[in-house]
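In: Prediction below, plus the sequence it came from.
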Amino acid sequence: MKTARRLLFLCLFSCLTACDPGDCPEGSTVVWADVEPLFSEHCVACHSSTLSEDERLEAPVGYDYDTIEAARAHPNWTWAEVKLGHMPPSGALGEQDQELIRAWLACGG
């Protein structure tokens, strides 16, 4: 299983430049308080800095969404996972939630 996870991670890593969240929308006012509830609801059960590797359900260590600093750390990877519908594993976020996350990532959080 770890080999498959590493292969998936490498494939995702190769698409990171293609999955740049793009430019910050003009006049954007998106802040952490706007996206934090999405990360709390859909991400931190597996992507939290407080979880051991076994508790992460195969989420890569260091890819966390429980703090603003952690959520800012990998914007291209985050956007790739959201845009491609890989995350959350329960099903892709709606377009409005995806755009909210994209804008937040693009604007530097």
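Out: Cool, the structure landed. Numbers count the residues shown, from 1 in each chain.

In: I'd assumed C107 was in contact with S28.
Out: Yes - at 5.1 Å, S28 counts as touching C107 under the criterion of Cβ atoms under 8 Å. Yep, even glycine has a C-beta here, placed from its N, CA and C like the rest.

In: Show me where the chain dips below the pLDDT cut-off.
Out: Scanning the chain for pLDDT under 70 picks out the ranges 1-2, 6-18, 109.

In: middle-most residue in it, spatially?
Out: T78 (2.9 Å; Cα atoms, centre = their mean).

In: which residues does the residue nearest to it when sequence neighbours are not counted contact?
Out: Nearest residue to T78, sequence neighbours excluded (Cβ to Cβ, 6 or more residues apart in numbering): L105, at 6.2 Å. Contacts for L105 (Cβ atoms under 8 Å, 6 or more residues apart in numbering) come out as P21, P75, T78, W79.
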